[in-house]
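Participant: Quick check, what structure comes out for this input:
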Amino acid sequence: MLRKSFNEEWIYKENMITLPHDAMLMDKRSASAKSGGGCAYFEGGIYEYRKIFSVPNEWKDKDIYLQFEGVYRKSKVYLNNQLIGGAEYGYIPFFVKLTNLLNILNFW
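Facilitator: Take a look at the predicted model:
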């Protein structure tokens, strides 16, 4: 198995970032935050990260998975606006298989 980092060149609020990244740290704090000190008085919310990438020819006929390791709860992963995976609980590793999706979407 070959592992390759996919952490670079993600986009968050039009900024290019490298993972790991904590979007909440860019929010304002509030003494009236629902979670109080449990989340350092951050309001929390929905955070969207995007990545634009090309599918290399060497991926053809190989099993391709994305591994996510530090995503907070109720995550959703989309490929070309199609929901392809996610995890209900936070900060647990999960995998999303791309192989069949790449074939269906005619990347080859």
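Participant: use CA for all of it now, contacts and neighbours both
Facilitator: Fine.
Participant: Dump the helix or strand bottoming out on mean pLDDT in the chain to CSV, restricted to CA.
Facilitator: Counting by mean pLDDT, DSSP states H and E, the chain has its least confident helix or strand at helix 99-104, which shows a mean of 79. Taking C-alpha atoms only, helix 99-104 is exported to CSV below (Å, rounded to 0.1, in the frame of the first residue of the first chain):
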residue,chain,number,x,y,z
THR,A,99,-12.3,3.8,-6.7
ASN,A,100,-15.9,3.1,-7.9
LEU,A,101,-16.8,6.8,-7.8
LEU,A,102,-14.0,7.7,-10.1
ASN,A,103,-15.1,5.1,-12.6
ILE,A,104,-18.8,6.2,-12.4
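Participant: Report the buried residues of that helix.
Facilitator: Residues of helix 99-104 classed as buried: residue 102 (neighbour count, 16 or more other Cα atoms under 10 Å).
Participant: Please enumerate residues in contact with that helix?
Facilitator: Here helix 99-104 makes contact (Cα atoms under 8 Å, 6 or more residues apart in numbering) with 62-65, 108.
Participant: closest to residue 18 among those?
Facilitator: residue 65 (19.3 Å; Cα to Cα).
Participant: Got phi/psi on the spatially closest residue to that closest one that is not a sequence neighbour?
Facilitator: Leaving aside its sequence neighbours, residue 65 sits nearest to residue 97 (Cα to Cα, 6 or more residues apart in numbering; 4.3 Å). Backbone geometry at residue 97, expressed as degrees, to the nearest 10, gives phi -80, psi 130.
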